[in-house]
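>>> Provided below for reference: sequence and predicted model.
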Amino acid sequence: MEAIYLDHAATTPMDQEVIDAMYPIYQQTFGNPSSVHSFGRKARQLLDEARRVMAKSIQANEKEIIFTSGGTEADNLALIGTAFANRKKGNHIITTAQEHHATLHTAEYLEKQGFEVTYLPVYKNGLIRVEDLQQSLRKETVLVSVMFVNNETGIIQPIQEIGELLKNHQAYFHTDAVQAYGLLDINVNELGVDLLSVSSHKIYGPKGIGFLYAKDGVPINTLQFGGEQERKRRPGTENVVSIAGFQKAVELAMENKSKRREQYQKFKELFLEVLRENGVTFEVNGDFHSQIASIVNVSFPGANVEQLLTNFDLDGLAASSGSACTAGSVEPSHVLTAMFGKNNPCTTNSIRFSFGIFNTEENIREAAERVAKIVHRLTS
């Protein structure tokens, strides 16, 4: 029985071209990019080239790219670093109730440090409302953080509208673009964002590497102390091998963006069509037309997340109940709770399926048929 992977929103397998790009660097380029000798300069060249590629992918300047250990660190640096650097201007932060825990738990930490945080509601369609943000803005608001695409529902948030709203306000605007990057067109200048987080392992690159875009002039306090790497914003010897792999993943993502979008959308529609053909009762959580192509969150009335995931796994099918960071937990999804309220059955009977480049129409159809059999068995 073929194992089928439908959990690409949690992480993606590495592309062979990415592995091939990294392997020679392991062998040949071990120098420290901060060293002035030839070994260090060779590593520095790789680092500089990767930074240019990352910057170009979002229409930024290479000086505005800070390499991090991934999306979580990028979110932490954006929120904590910006909040503390701008504390004299105010102590109010706005985010949403459906953010990734890398943002939510950081916001909770900032509350303990004396900041006041407003958590915007999210509605049944999976979207926040710009009017709610407008009403929550104060003179002392220093930071707004709204994720680009929700990692559980795949709903695309109104980032450009928010950027427009904040244009004449002192608050800096951060977006966690981890699920959006590589599939949606991102131009930081048109969007009006000041800070943007990206992770490599969501786009077929290595784990443990990401970047934070920080617009030139945005004050950020460093969270770590040591050397003067990353223009004194993130100390520590850069992970050159992983950065080179990340670069290759970015190049492939930019080259194949529209093709991947179309492919994933076909997979999603086929998957749902086969469920219908098999008489499965289900609901898609959130507005289907506001979703990114790669993610669909499905509620199966009468089913239970824990039973579903266990049976899927036994049948060689990988999916998720939401964020990978809470995959070991059977607590109701905080995202779906924010959308539908506590004790709504959707919060404990919903599964996230997410599609990737190594899926095929054949294994998507096969996966949907396995899901149908299991759902029927568990709900009959």
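Noted; the coordinates are in hand.
>>> and the contacts of stretch 306-323?
Among residues not part of stretch 306-323, those counted as contacts by CB atoms under 8 Å, 6 or more residues apart in numbering are 1-7, 9-10, 100-101, 151-152, 297, 300, 305, 327, 330, 333, 335-336, 349-354, 367, 370-371, 373-375, 377-378. For glycine as for every other residue, the C-beta is placed from the backbone atoms N, C-alpha and C.
>>> write the PyMOL selection for whichever of the residues you listed are buried.
If you want just the buried ones from these in PyMOL, going by 16 or more other CB atoms under 10 Å, the selection is:
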select buried, resi 4+5+6+7+9+10+100+151+152+297+300+305+333+335+336+349+350+351+352+353+354+367+370+371+374+375
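>>> list the buried residues in stretch 62-69.
Within stretch 62-69, the residues scored as buried using 16+ other CB under 10 Å are 64, 65, 66, 67, 68, 69.
>>> elements contacting the strand or helix carrying residue 102?
Element membership of residue 102, judged by DSSP states H and E, is helix 101-112. Using 3 or more CB pairs under 8 Å, 6 or more residues apart in numbering; DSSP states H and E, the elements in contact with helix 101-112 are helix 71-76, strand 92-96, strand 116-120.
>>> chain center to the longest one: distance?
If you compare the mean C-alpha spot of helix 71-76 with that of the full chain, they lie 10 Å apart, counting by CA atoms, centre = their mean, to the nearest Å.
>>> buried residues in stretch 106-119?
106, 107, 110, 115, 117, 118, 119.
>>> quick one, what contacts residue 166?
Residues in contact with residue 166, defined by CB under 8 Å, 6+ apart, are 144, 173, 192.
>>> can you tell me how far it is from residue 139?
13 Å (CB to CB, to the nearest Å).
>>> from the buried residues of stretch 106-119, which is closest to residue 57?
Using CB to CB, residue 106 comes nearest to residue 57 of those, at 24.8 Å.
>>> how about the closest one: what's its closest non-neighbour residue?
Sequence neighbours aside, residue 79 is the residue nearest to residue 106 in space, at 4.6 Å (criterion: CB to CB, 6 or more residues apart in numbering).
>>> just to check, the one you found is in contact with residue 110?
Yes - counting by CB atoms under 8 Å, residue 110 is a contact partner of residue 79 at 6.6 Å.
>>> what do those two both touch?
With contacts taken as CB under 8 Å, 6+ apart, the residues that reach both residue 79 and residue 110 are residue 93.
>>> of the contacts of residue 166 - the most surrounded one?
residue 144 (28 neighbours; other CB atoms under 10 Å).
>>> ok, now which ones touch that residue?
Residue 144 is in contact with 93, 94, 95, 133, 137, 162, 166, 171, 172, 173, 174, counting by CB under 8 Å, 6+ apart.
>>> now the residues you listed: which count as buried?
By neighbour count, with 16+ other CB under 10 Å, these hold 93, 94, 95, 133, 137, 162, 166, 171, 172, 173, 174 as buried.
>>> so for the helix or strand harbouring the fourth one, what gets flagged as buried?
According to DSSP H and E, residue 133 maps onto helix 130-136. Of the residues in helix 130-136, those buried under the neighbour-count criterion (16+ other CB under 10 Å) are 130, 133.
>>> and the average pLDDT for the next helix-or-strand element following it is what?
Following helix 130-136 in sequence order, the next helix or strand is strand 141-145 (DSSP H and E). On average, the pLDDT along strand 141-145 is 98.
>>> partners of strand 141-145 in the sheet?
Sheet pairing of strand 141-145 (DSSP bridges) gives strand 92-96 (parallel), strand 172-176 (parallel).
>>> residue 59 is nearest to which of the ones you listed?
Among the strands paired with strand 141-145, the nearest to residue 59 by CB to CB is strand 172-176 (14.5 Å).
>>> now the following helix or strand past the closest one - C-alpha only, CSV.
Next helix or strand after strand 172-176 toward the C-terminus (DSSP H and E): helix 188-191. Provided in CSV are the C-alpha atoms of helix 188-191 (Å, rounded to 0.1, in the frame of the first residue of the first chain):
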residue,chain,number,x,y,z
VAL,A,188,6.2,44.2,0.1
ASN,A,189,6.0,47.8,-1.2
GLU,A,190,2.6,47.3,-2.8
LEU,A,191,1.3,45.4,0.3
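>>> which strands or helices does helix 188-191 pack on?
helix 159-165.
>>> contacts for the helix it packs on?
Contacts with helix 159-165, where a contact means CB under 8 Å, 6+ apart, come from 130, 133-134, 137, 144, 146, 148, 173, 175, 190-193.
>>> the helix holding residue 133 packs against which elements?
Applying 3+ CB pairs under 8 Å, 6+ apart, one finds that helix 130-136 contacts strand 116-120, helix 159-165.
>>> tell me the average confidence for the last one?
Same thing as helix 159-165. Averaging pLDDT along helix 159-165 yields 98.
>>> pull out the buried positions in that helix.
159, 162, 163, 165.
>>> CA atoms only for it, dumped as CSV, please.
Extracted C-alpha coordinates of helix 159-165, given in CSV (Å, rounded to 0.1, in the frame of the first residue of the first chain):
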residue,chain,number,x,y,z
ILE,A,159,-3.1,42.2,3.8
GLN,A,160,-3.1,45.0,1.2
GLU,A,161,-6.1,46.6,2.7
ILE,A,162,-4.5,46.6,6.1
GLY,A,163,-1.3,48.0,4.7
GLU,A,164,-3.3,50.8,3.1
LEU,A,165,-5.1,51.5,6.4
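>>> from residue 18, how far out is residue 253?
10 Å.
>>> give me the common contacts of the two.
residue 204.
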